[in-house]
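Asker: next one to model:
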Amino acid sequence: MFGRLPPKAPPRGRPKPLKPLRLQARRKLRRCRPGQFDAAERIPLRSIRKSTARQMALAGAQVARCTQTRVDLTELEALRRKHREAVAAQGGRLTLTVFALKAAAAALKRFPDFNASLDPAAGEIVRKHYFHIGVAVDTDDGLIVPVVRDVDRKSLRELAVELADLVARTRRRKVTPEELQGATFTLTNVGPLGGGHFSAIINPPQVAIMGLARPMRPSIPGLEQQPARSSPG
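Answerer: Down below sits the predicted model:
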């Protein structure tokens with residue numbers, strides 16, 4: 001007569017859904033101290049930075065990278081200093097980047113697999129028979145890469161004048177969309193920013209990039225007085 005009561009039967013119908021984790025997290029934030037997370041602002045992600053983020057993520061996922069060592073620039077620096085004033089008189093700047101453009105075009109002719117793009121859908125490497133080299137330019141909106149076309153057909157003086165104009169217009173946001181397209185290879189130089197060793201990030205579907213850093217004297221005992229300059233990259 002006074003035995004145990006039978007267990008309570010489970011309620012009929014659908015079980016009560018669990019509370020979403022998002023709501024739980026939001027409720028937890030509301031219990032934080034007032035003003036703890038108020039000192040922040042939201043800045044719209046503009047088209048340039050959106051495109052950069054997308055390309056960098058693609059590069060990190062699909063492209064393997066390696067870093068070269070140092071190159072002796074002693075004689076090249078002497079040549080640059082000898083002719084820079086004459087080039088400046090014509091509106092150009094004879095920088096290390098100008099020489100690198102010309103050297104890259106010559107190397108790409110010799111090794112055409114680096115002047116190419118990868119078409120994974122077709123399973124093909126597309127070799128380009130023209131040499132349009134993009135040059136990374138530091139701007140207030142991030143890196144923008146205008147393209148110097150037909151580098152192999154232009155003299156150092158022509159490249160110095162064209163590049164100076166292209167860089168200036170890029171920083172003023174006066175370049176056209178067409179001037180930012182069609183590169184077969186990219187060159188980036190962090191030397192003017194004081195950068196040393198770094199690994200440049202390839203811009204897909206390109207398959208290679210040249211990265212230049214700040215010229216420096218070799219740190220070898222007994223050679224401190226030597227004029228040699230080298231650029232790691």
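Asker: make it CA atoms for all contacts and neighbour counts henceforth
Answerer: Will do.
Asker: so, low pLDDT: which residues of this structure?
Answerer: The chain contains residues with pLDDT under 70 at 1-41, 48, 55-69, 194-196, 217-233.
Asker: need the strands for it, in chain order.
Answerer: 116-119, 124-127, 133-135, 137-139, 142-144, 147-148, 185-189, 209-212 (DSSP state E).
Asker: can I get stretch 186-199 as CSV, trimmed to CA atoms?
Answerer: Coordinates of each C-alpha in stretch 186-199 appear next as CSV, following Å, rounded to 0.1, in the frame of the first residue of the first chain:
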residue,chain,number,x,y,z
THR,A,186,55.9,40.6,-59.6
LEU,A,187,58.7,42.5,-57.9
THR,A,188,58.6,43.9,-54.4
ASN,A,189,61.2,46.0,-52.6
VAL,A,190,61.0,46.6,-48.9
GLY,A,191,64.5,48.2,-48.8
PRO,A,192,63.1,51.8,-48.7
LEU,A,193,61.2,50.9,-45.6
GLY,A,194,64.3,49.5,-43.9
GLY,A,195,63.3,45.9,-44.3
GLY,A,196,65.9,43.1,-44.1
HIS,A,197,65.3,39.4,-44.7
PHE,A,198,61.8,38.4,-45.6
SER,A,199,59.8,35.9,-47.7
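Asker: could you list the buried residues of it?
Answerer: Burial within stretch 186-199, assessed by neighbour count using 16 or more other C-alpha atoms under 10 Å, is assigned to 186-191, 197.
Asker: gap between the closest residue to Gln90 other than its chain neighbours and Ile209?
Answerer: Excluding the flanking residues, the one nearest Gln90 by C-alpha to C-alpha, 6 or more residues apart in numbering is Val161, at 7.2 Å. Relative to Ile209, Val161 is positioned 23 Å away (C-alpha to C-alpha, to the nearest Å).
Asker: about what we covered before: deepest-packed of the strands of the chain, please.
Answerer: Greatest average neighbour count among those goes to strand 133-135 (a mean of 26), per mean count of other C-alpha atoms under 10 Å.
Asker: give the pairing partners of that one; include direction for each.
Answerer: For strand 133-135, the paired strands and their directions (DSSP bridges) are strand 147-148 (antiparallel), strand 185-189 (parallel).
Asker: pull the residues that contact it.
Answerer: Residues outside strand 133-135 that contact it (C-alpha atoms under 8 Å, 6 or more residues apart in numbering): 101, 145-149, 151, 180, 183-188.
Asker: with distance to Ile202 added, can I get the strands paired with strand 133-135 in CSV?
Answerer: Below are these laid out as CSV (distance: least, C-alpha to C-alpha, whole Å):
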stretch, distance to Ile202
strand 147-148, 15
strand 185-189, 8
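Asker: out of those, which gets nearest to Ala53?
Answerer: Taking C-alpha to C-alpha, strand 185-189 is the member of the strands paired with strand 133-135 nearest to Ala53, at 17.1 Å.
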